[in-house]
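Novice: Provided below are the primary sequence and the corresponding predicted coordinates.
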Amino acid sequence: MNPTHILLSLALLFASPIFAGVAQSSARHPPNVVIILADDLGYADIGPFGATQIKTPNLDRMAKEGRRFTGFYSAQAVCTASRTALLTGCYPNRLGLHGALGPSSRHGINDHETTLAELVKQRNYATAIFGKWHLGHHPQFLPTRHGFDEYFGLPYSNDMWPNNREASPDAYPPLPLVEHDRVIQTMPDQTQLSRWYTERAVKFIDRHKTRPFFLYVPHSMPHVPLHVSDQFKSKSQQGLYGDVIEEIDWSLGQILAALKRNSLDDNTLVIFTSDNGPWLSYGNHAGSAWPLREGKATTWEGGVRVPCLMRFPGKIPAGSVSAQPLMTIDLLPTIARLINTELPKHTIDGRDMWPYIIGDPKRKHPHEAYFFYFENNELQAVMSGRWKLYLPHAYYTLGGQPGGRDGRRAEYQERKLEGAELYDLESDISETANVAEKQPEVVKRLEALAEKSRAELGDSLTARTGKGVREPGRLTEPK
């Protein structure tokens with residue numbers, strides 16, 4: 001065959017439908033990742049998890065087209081800590097970050113830590129966050145210093161301003177709205193926050209349709225004080241709280257529509273979840289954790305077990321449900337595997353859970369246990385398989401009393417666990433029956449696991465210092 005015939009044959013081969021499909025596949029970039037995080041959303045606040053008075057058609061659709069995870073956990077039941085875990089793959093106390101940082105805080109995420117945004121940058125991803133950050137509000141801690149190309153949102157919770165707190169203006173200055181690394185407004189119109197975040201998310205997708213991207217949309221709602229745009233005001237059957245959730249559902253719908261419009265559906269992993277359970281003391285301005293016990297700021301199931309949906313057409317089985325336990329710390333190593341990039345050099349706590357996410361749990365679960373810390377590094381609970389052991393600690397509860405009304409909160413009562421309590425989550429998801437006396441060997445095994453965690457991460461309840469704890473970033477500017 002002469003050279004002319006060879007070139008002609010190659011041309012015909014390249015033009016064939018079979019080769020075209022192979023070429024298109026090999027030229028595709030790594031999968032996009034979209035994470036949408038609600039703030040203080042309860043386990044039962046969306047349709048796929050039992051809500052009946054709140055309409056969530058887009059979340060319902062996402063459940064039908066993806067997978068519902070009924071055993072998904074936040075690492076801690078409070079703002080800063082939960083976000084730290086999601087973005088770093090570490091228990092937040094390993095990084096020295098606890099609770100919820102306020103405007104007077106002088107620390108935040110350390111430059112030496114690796115966020116999800118920095119991880120995907122290894123594969124040349126475009127990155128953006130539109131929403132609530134809460135890993136430190138000083139310039140050195142802001143998202144643009146930690147892997148994000150774009151940032152627009154609140155640096156901390158939407159209730160952290162002087163007229164909403166019994167504190168001095170020095171402790172709680174006017175609420176700032178930040179773009180990139182500068183304040184562009186103070187005391188922004190919070191009725192527009194969900195819309196602003198959504199509009200920017202959609203534009204980001206439109207601009208980066210030919211490049212891999214990581215989009216993180218941590219909504220400021222439904223954290224109190226609740227705000228909603230006129231389009232959704234008085235629309236739900238569950239008052240203002242329901243209105244807010246329905247607007248978040250609309251936001252998800254806009255993001256899914258942008259993916260479809262740009263032909264990115266089948267190359268994008270979309271995750272929807274919450275940072276922790278509902279802030280029950282706010283009553284009708286809070287959500288529901290039913291059938292779980294308690295809510296935000298506790299390590300009971302209602303505080304840390306959160307709704308979670310994942311969608312990736314062709315990869316995650318449509319209309320499926322998984323009860324396998326997963327935690328936010330597992331997202332970073334799972335995404336690292338998905339996009340074929342290296343994990344951070346330092347110790348992380350999460351594990352690759354992709355086989356469980358796609359419904360192929362042939363391997364042994366990579367976690368022997370999950371550990372639940374709270375407050376100033378208190379180890380309060382250990383969960384291994386079906387068993388959850390609560391260690392002696394104090395917690396706050398409404399004690400069966402109703403929550404507050406219309407933005408006013410009811411007072412919590414302090415309760416103490418004087419001894420360890422064990423619950424079988426498979427048969428008793430509501431944690432009503434302490435079976436510690438009936439299962440002494442299980443208690444002994446989980447207490448031994450707790451000791452391992454104390455050695456690594458410490459425990460202020462037993463005055464232990466962990467050998468694996470790292471320092472947070474400290475403000476270098478003079479006060």
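Specialist: In hand now; what should we look at?
Novice: Tell me which stretches of the stretch 151-300 of the chain form strands.
Specialist: Applying DSSP state E, counting those that start in this stretch to the stretch 151-300 of the chain gives strands spanning 176-179, 182-186, 213-218, 268-274.
Novice: For the first one, give the mean pLDDT please.
Specialist: So the one you mean is strand 176-179. Per-residue pLDDT values over strand 176-179 give a mean of 98.
Novice: what do you get for the second one?
Specialist: For strand 182-186, the mean per-residue pLDDT is 96.
Novice: likewise the third one?
Specialist: Taken as a whole, strand 213-218 has a mean pLDDT of 98.
Novice: With just CA atoms, put it into CSV.
Specialist: Written as CSV, here are the backbone C-alpha positions of strand 213-218 (Å, rounded to 0.1, in the frame of the first residue of the first chain):
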residue,chain,number,x,y,z
PHE,A,213,-14.1,22.6,37.9
PHE,A,214,-14.9,22.3,41.6
LEU,A,215,-17.9,24.4,42.7
TYR,A,216,-18.7,24.7,46.4
VAL,A,217,-22.0,26.4,47.4
PRO,A,218,-22.3,26.5,51.2
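Novice: Now do it and strand 268-274, the angle between them.
Specialist: 10 degrees (axes from the mean of the first three to the mean of the last three CA atoms, to 10 degrees).
Novice: In the sheet, which strands lie alongside strand 213-218, parallel or antiparallel?
Specialist: Strand 213-218 has the following strand partners under DSSP bridges: strand 32-38 (parallel), strand 126-130 (parallel).
Novice: out of those, nearest to residue 57?
Specialist: strand 32-38 (15.4 Å; CB to CB). For every residue, glycine as well, the C-beta is placed using N, CA and C.
Novice: Beyond that closest one, next helix or strand please.
Specialist: Following strand 32-38 in sequence order, the next helix or strand is helix 57-65 (DSSP states H and E).
Novice: Could you export that following helix as CSV, CA atoms only?
Specialist: What follows is helix 57-65, C-alpha atoms only, in CSV (Å, rounded to 0.1, in the frame of the first residue of the first chain):
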residue,chain,number,x,y,z
PRO,A,57,-39.0,18.8,43.5
ASN,A,58,-35.3,19.2,42.5
LEU,A,59,-34.0,17.3,45.4
ASP,A,60,-36.7,14.7,44.8
ARG,A,61,-35.4,14.5,41.2
MET,A,62,-31.8,14.2,42.4
ALA,A,63,-32.7,11.3,44.6
LYS,A,64,-34.4,9.5,41.7
GLU,A,65,-31.4,10.1,39.4
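Novice: what is the mean pLDDT for it?
Specialist: 98.
Novice: same question, stretch 296-308
Specialist: 98.
Novice: what's the span of that stretch, first residue to last?
Specialist: Separation of the first and last residues of stretch 296-308 by CA to CA, to the nearest Å is 16 Å.
Novice: quick one: the closest residue to residue 114 other than its chain neighbours from residue 92, how far?
Specialist: Closest residue in space to residue 114, ignoring its immediate chain neighbours: residue 344 at 3.9 Å, by CB to CB, 6 or more residues apart in numbering. Distance, residue 344 to residue 92, by CB to CB, to the nearest Å: 15 Å.
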